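[1] fold the following and give me the result.
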Amino acid sequence: MHQFSSFLFLGGFLFFLSVLTGILPLGDPPMIIGQAIQNHGVSETGAANLVTAVVLGYRGIDTLGELSILFAAATAGGLVLATGKKKTQASADEDAGFIVKTAAELLFPLLVVAGLYIVIHGHLTPGGGFQGGVILAAAFFLPLLAKPSTTMNHNTMSLVEGFSGAAFIGIGLIGLFNHGAFLQPLLSKGVVGELFSAGTLPLLYLAVGLKVGAELAGLLANLNEEDDENV
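    Numbering: from 1, shown residues only. Below you'll find the predicted structure:
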């Protein structure tokens, strides 16, 4: 019976492939949506980076879903790692050494500037809120590795994460009430290629960057504190 079901599945799969290849010419896939975005994405959103136009304009609700999944994962990880956790005095007194501490102090402002630059210029060049948020999280996590005696203010990170997420949804609701579509781009599109352009898309990416950075930084801090407890 098991072999029969396997052959039945294989036959159905081969039939599906034969029908699919008969409808779509091999090596010449239709690019209806992609071609439409290439032709009208810049003029409709004002974003020079078409990836930003797709992520925040044409499928902004999907991006909100991705942020929700990241929030749920970071919250679950933080709840598990933060249960009954205390730093031991031995781990609190240990430092990573002069070289690591000096490197952390030098890299911190550079990583913050690089992360913010990538977030703010996401509508102009490759990058954006997700990539820049990861760099920001690394910037705030690096001092914890260099000096384990310091701790991250989780309340501040929670506030940043909460306000940035609320800002993302709030901008989307304003577009819904004004134009009948959630996350509808607002404000003037400006001149394509300039910093102040693409309407509300840069504001959305800024909210994404702060939210992603705060969530990942908090999760990394919890992991670091958990490692200190186990040492």
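
[2] how about the helix or strand hosting residue 221: buried residues?
    With the criterion set as DSSP states H and E, the secondary-structure element containing residue 221 is helix 201-230. Neighbour counts using 16 or more other CB atoms under 10 Å place 201-222, 224-225, 228 of helix 201-230 among the buried residues. Quick note: C-beta positions are derived from backbone N, CA and C, even for glycine.

[3] mind listing what's buried in the one helix or strand residue 115 maps to?
    For residue 115, the host element (DSSP H and E) is helix 98-120. By neighbour count, with 16+ other CB under 10 Å as the criterion, the buried positions of helix 98-120 are 104, 107, 108, 111, 112, 114, 115, 116, 118, 119, 120.

[4] what residue ranges in the chain score low on pLDDT?
    Residue ranges of the chain with pLDDT under 70: 1-4, 24-30, 82-95, 225-231.

[5] and the residue nearest the centre of it?
    For the chain, the residue sitting closest to the mean C-alpha position, by CA atoms, centre = their mean, is residue 130 at 2.8 Å.

[6] ok and the helix holding residue 221 relative to helix 98-120, angle-wise?
    Taking axes from the mean of the first three to the mean of the last three CA atoms, to 10 degrees, one finds helix 201-230 and helix 98-120 inclined to each other by 150 degrees.

[7] what's helix 201-230 packed up against?
    Packing contacts for helix 201-230, counted by 3 or more CB pairs under 8 Å, 6 or more residues apart in numbering; DSSP states H and E, involve helix 60-81, helix 89-93, helix 98-120, helix 129-146, helix 154-179.

[8] out of these, which is the most enclosed?
    Highest mean neighbour count among the helices and strands packed on helix 201-230 (mean count of other CB atoms under 10 Å): helix 129-146, with a mean of 21.

[9] pull the CA atoms of that one into PDB?
    Coordinates of each C-alpha in helix 129-146 appear next as PDB, following Å, rounded to 0.1, in the frame of the first residue of the first chain:
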ATOM      1  CA  GLY A 129      16.000  48.500   8.000                       C
ATOM      2  CA  PHE A 130      16.700  44.800   8.300                       C
ATOM      3  CA  GLN A 131      20.400  45.000   7.400                       C
ATOM      4  CA  GLY A 132      21.000  48.300   9.200                       C
ATOM      5  CA  GLY A 133      19.100  46.900  12.300                       C
ATOM      6  CA  VAL A 134      21.500  44.000  12.500                       C
ATOM      7  CA  ILE A 135      24.500  46.300  12.500                       C
ATOM      8  CA  LEU A 136      23.000  48.400  15.200                       C
ATOM      9  CA  ALA A 137      22.400  45.300  17.300                       C
ATOM     10  CA  ALA A 138      26.000  44.300  16.900                       C
ATOM     11  CA  ALA A 139      27.100  47.800  17.900                       C
ATOM     12  CA  PHE A 140      25.300  47.700  21.200                       C
ATOM     13  CA  PHE A 141      26.200  44.000  21.900                       C
ATOM     14  CA  LEU A 142      30.000  44.500  21.300                       C
ATOM     15  CA  PRO A 143      30.600  46.400  24.500                       C
ATOM     16  CA  LEU A 144      29.000  43.600  26.500                       C
ATOM     17  CA  LEU A 145      31.500  41.100  25.100                       C
ATOM     18  CA  ALA A 146      34.400  43.400  25.900                       C
END
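
[10] could you measure from the residue nearest to the centre of the chain over to residue 224?
    Between residue 130 and residue 224 the distance, using CB to CB, to the nearest Å, works out to 22 Å.

[11] do the same with residue 208
    Using CB to CB, which is the criterion applied here, residue 208 is 24 Å from residue 224.

[12] quick revisit: which residues are contacting the helix holding residue 115?
    Outside helix 98-120, the residues that touch it by CB atoms under 8 Å, 6 or more residues apart in numbering are 95-96, 127-129, 131-136, 138-140, 142-143, 145-147, 195, 202, 205-206, 208-210, 213.
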